[in-house]
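> A structural model of the following input is requested.
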Amino acid sequence: MTARRRLDSLPRNILRGPRQFCRIVVQKSSRRARVPQGSAKSRRGVTLIELLVSVTLLSLLSVGLLLALRMGFTAYGKTQERLMDNRRVAGSQRILEEQIGGLLPVVATCGGTYKAAFFQGEPQVMRFVTTFSLQQGWRGRPQILEVFVAPGEDGRGVRLLANEIPYTGALGAGRYCAASGNTLRFAPVTPEPTSFVLADRLDHCRFTYLTAPTEANAPPAWLPLWAGKTWPMGVRVDMAPLEPDPSRLQPIAFTAPIHIHRDPEINYEDLGFR
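Numbers count the residues shown, from 1 in each chain. This is a model prediction of the structure:
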């Protein structure tokens, strides 16, 4: 009876055999290994909403970066353009001053026989011989310089142009002038494809010429038209921009002195020394 009771007290799974017992143990262990639905492992990965939010943020950052780069390039371009305009205005004024300061006292043979000082001075046209070249500076050969005012682009305002013609001598300069009694008449000035733009988008541009006093204790006078037999003491270039802009360097009026006062009626010779 005692042994019988002991067998009855044992679990029925043991009585079914070792194979059935192992299978039951494996099933229980697999049930215990299952992860509940609310655990952290079931929430691993990225949802569609999170992916959309990430793509949207990345797009916004890319757009902001592109806008910042565009604004930087635009500011750089405007600064570079303004700097080039300022250099152009300052350089043009300096070039014109050098050209007037390098005036060469040439006596041209106008009309083949009449000798006169080669200088054309009108309110909007100047023509003379200078030792300063636009391309070679002070190292170049003398040039016949034509500085004149022409209409601007699209008929707005005026522009200041310059032509250079190599100087070949008194006869070569005489082709641009003719004598009519005691006065000189010069050939008209025309713009060329190679004309150099000294100043553009101007409201006006005028030339005046400084003459020596004719009476004692009288001050020098500025003349709009030069009709003297020699060269003026100075040239004043009066110009103003068409659209004033305080943020940029504007073309202004300036005066260039002329330090040569040769009399064309006197023959200058180099006597030398013995």
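> please enumerate the strands of the stretch 101-250 of the chain.
For the stretch 101-250 of the chain, the strands defined by DSSP state E, counting those that start in this stretch occupy 107-110, 114-117, 120-121, 125-130, 143-151, 158-166, 177-180, 183-186, 196-211, 221-223, 234-241.
> let's have those strands in a markdown table, adding mean neighbour count.
No exception for glycine: its C-beta is placed from N, CA and C like everyone else's. Shown next, in a markdown table, are those (neighbours: other CB atoms under 10 Å):
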| stretch | mean neighbour count |
| --- | --- |
| strand 107-110 | 21 |
| strand 114-117 | 18 |
| strand 120-121 | 20 |
| strand 125-130 | 21 |
| strand 143-151 | 21 |
| strand 158-166 | 19 |
| strand 177-180 | 16 |
| strand 183-186 | 15 |
| strand 196-211 | 18 |
| strand 221-223 | 14 |
| strand 234-241 | 19 |
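> just the helices in this structure please.
2-9, 12-15, 18-33, 48-101, 170-174 (DSSP state H).
> on that earlier part again, and of the strands of the stretch 101-250 of the chain, who's closest to residue 70?
Among these, the nearest to residue 70 by CB to CB is strand 196-211 (28.1 Å).
> tell me the strands beside the closest one, with direction?
Using DSSP bridges, the strands paired with strand 196-211 are strand 158-166 (antiparallel), strand 221-223 (antiparallel), strand 234-241 (antiparallel).
> now do the same contact list for residue 112.
171, 174 (CB atoms under 8 Å, 6 or more residues apart in numbering).
> what's the pLDDT at the residue nearest the centre of the chain?
Taking CA atoms, centre = their mean, the centroid of the chain lies closest to residue 84, which sits 2.9 Å from it. pLDDT, residue 84: 71.
> and if you look at residue 131?
At residue 131, the pLDDT value in this model is 90.
> what sits against it?
102, 104, 138, 142.
> for the second one, grab phi and psi.
Right, the one you point to is residue 104. Residue 104 adopts backbone torsions of phi -100, psi 120, taken as degrees, to the nearest 10.
> and residue 132, how close does it get to residue 172?
Separation of residue 132 from residue 172 (CB to CB, to the nearest Å) stands at 18 Å.
> ok so, going back, between the strands paired with strand 196-211, which one is nearest to residue 118?
The minimum distance between residue 118 and the strands paired with strand 196-211 falls on strand 158-166, with 12.1 Å, by CB to CB.
> the closest one vs strand 125-130, what angle?
Using axes from the mean of the first three to the mean of the last three CA atoms, to 10 degrees, the direction of strand 158-166 lies 30 degrees away from that of strand 125-130.
> pLDDT averaged over strand 158-166, what's the number?
Per-residue pLDDT over strand 158-166 has a mean of 92.
> quick one: distance of it to the chain centre.
Averaging C-alpha positions (CA atoms, centre = their mean, to the nearest Å) puts strand 158-166 20 Å from its chain's average.
> with stretch 54-74 instead?
For stretch 54-74, the distance to the chain centre is 29 Å (CA atoms, centre = their mean).
> mind checking the end-to-end distance for stretch 190-198?
Stretch 190-198 has an end-to-end distance of 15 Å (criterion: CA to CA, to the nearest Å).
> name the nearest residue to residue 201, sequence neighbours excluded.
Closest residue to residue 201 apart from its sequence neighbours, by CB to CB, 6 or more residues apart in numbering: residue 242 at 4.6 Å.
> still on that earlier bit, let's have the strands paired with strand 196-211 in a markdown table, adding distance to residue 249.
Formatted as a markdown table, the strands paired with strand 196-211 follow (distance: least, CB to CB, whole Å):
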| stretch | distance to residue 249 |
| --- | --- |
| strand 158-166 | 16 |
| strand 221-223 | 26 |
| strand 234-241 | 10 |
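> kind regards, and thank you for your time.
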